[in-house]
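>>> Build me a structure from this.
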Amino acid sequence: MARRVFFSFHYERDIWRASQIRNSWVTKPNRESAGFWDSASWEAAKKIGEDAIERWINNQLHGTSVTVVLIGTETSERKYVKYEIKRSYEIGNGMLGIYIHNMKDQFGRTDVKGKNPFDNWYLNRNGHIIYFSSLYHTYDWVYDRGYKNIGDWIEKAARDVGR
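The predicted structure follows:
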């Protein structure tokens, strides 16, 4: 079953790499075999003010079951990526991270591996700190064969949260 997915990433720096992943279904027989539907229309979100962007993010998250955080060099410190992770947790989405630094950009260059953004978030359960990075899996698009496996990763993330 294909899932509706929200992709979170650093727009200015990583749009080229993110687009390759978000459009990877195009070369598969159909969206069902890809394992996901991309629910976001990123190009629609320009500099429209903080409240408007947060409303837009909330609208894009509506009806999704999984949030995929595409982890580039600076992703973990991006304000709206943090908001997207927070909101995804609040609405009960499954989450996973995919490192994209090994993917080539439009100039044929790779990048430096970024910090795991799930390390910025934690829960306090009975006095024990549990970081999101221990709850949500991360993968490397290149080395973990993302093109072949993204559908399975998404399905696992959804099942991990009972969706």
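>>> residues near residue 21, how many?
By the measure other CB atoms under 10 Å, the count of residues near residue 21 is 22. (C-beta placed from N, C-alpha, C; glycine too.)
>>> Enumerate the positions of the helix or strand hosting it that are buried.
Assessed by DSSP states H and E, residue 21 sits inside helix 11-22. For helix 11-22, the neighbour count (16 or more other CB atoms under 10 Å) marks 13-15, 17-18, 20-22 as buried.
>>> what packs against that helix?
Secondary-structure packing of helix 11-22 (3 or more CB pairs under 8 Å, 6 or more residues apart in numbering; DSSP states H and E): strand 3-8, strand 66-71.
>>> quick one, that helix and strand 66-71 angle?
Inter-element angle recorded for helix 11-22 and strand 66-71: 120 degrees (by axes from the mean of the first three to the mean of the last three CA atoms, to 10 degrees).
>>> what is the rounded mean pLDDT of helix 11-22?
In this model, helix 11-22 carries a mean pLDDT of 85.
>>> Can I get it as PDB, trimmed to CA atoms?
Output in PDB follows, covering the C-alpha atoms of helix 11-22 (Å, rounded to 0.1, in the frame of the first residue of the first chain):
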ATOM      1  CA  TYR A  11      15.000  23.800   0.900                       C
ATOM      2  CA  GLU A  12      17.700  26.200  -0.300                       C
ATOM      3  CA  ARG A  13      20.600  23.900   0.100                       C
ATOM      4  CA  ASP A  14      19.100  20.500  -0.700                       C
ATOM      5  CA  ILE A  15      16.300  21.000  -3.200                       C
ATOM      6  CA  TRP A  16      18.200  19.200  -6.000                       C
ATOM      7  CA  ARG A  17      18.900  16.100  -3.900                       C
ATOM      8  CA  ALA A  18      15.400  16.200  -2.400                       C
ATOM      9  CA  SER A  19      13.700  16.400  -5.800                       C
ATOM     10  CA  GLN A  20      15.600  13.200  -6.900                       C
ATOM     11  CA  ILE A  21      14.100  11.300  -4.000                       C
ATOM     12  CA  ARG A  22      10.700  12.900  -4.100                       C
END
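>>> how far does that helix sit from the chain's center?
The chain centre lies 11 Å from the centre of helix 11-22; the measure is CA atoms, centre = their mean, to the nearest Å.
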